[in-house]
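Visitor: heads up, no residue letters with this:
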């Protein structure tokens, strides 16, 4: 796994300024949020696709032909989402970062890249 690619993307997001989303109005990401994301990536066994959201979250995605897995990270919450090809959808709120990493590592091992 190339974690450096993830860290480079987070470094890029650290440079975003208020208004980065154009008319959608994305705000700059806080240092606390970025540090949380670095810690999560450090513990993940499968490299996520990292993307910003205008809701001031950073999403970490993993997709296969069977399932989509996402962890959404904000300053005050870490949530998990799972969707399948039939559009069944589940959402999880994690009490701590460790729970989010266990979720991520378990789901990505279970479904793997197809």
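Guide: Thanks, I have it. Please read these numbers as outputs of a predicted model, since none were measured by experiment.
Visitor: Now name the helix or strand holding residue 39.
Guide: Following DSSP states H and E, the helix or strand that holds residue 39 is helix 31-43.
Visitor: what comes up buried for that helix?
Guide: Within helix 31-43, the residues that qualify as buried are 33-34, 36-37, 40-41, counting by 16 or more other CB atoms under 10 Å. Bear in mind the C-beta positions are built from the backbone N, C-alpha and C, glycine included.
Visitor: from those, which single one is nearest residue 4?
Guide: Of all the buried residues of helix 31-43, residue 4 sits closest to residue 41, with 10.0 Å by CB to CB.
Visitor: from what I can see that closest one touches residue 48, true?
Guide: Yes - with contact defined as CB atoms under 8 Å, residue 41 counts as touching residue 48 (7.1 Å).
Visitor: can you list residues touching both of these two?
Guide: Taking CB atoms under 8 Å, 6 or more residues apart in numbering as the contact criterion, the common neighbours of residue 41 and residue 48 are 6, 60.
Visitor: returning to what we had before: angle of the next helix or strand after the helix holding residue 39 against helix 31-43?
Guide: Elements were assigned by DSSP H and E; along the chain past helix 31-43, the next helix or strand is strand 49-53. In this structure, strand 49-53 runs at an angle of 160 degrees to helix 31-43, with axes from the mean of the first three to the mean of the last three CA atoms, to 10 degrees as the basis.
Visitor: Counting neighbours, which bits of the helix or strand just after strand 49-53 end up buried?
Guide: Counting by DSSP H and E, the element after strand 49-53 in chain order, helix or strand, is strand 57-63. Counting neighbours by 16+ other CB under 10 Å, one finds that the buried residues in strand 57-63 are 57-60, 62.
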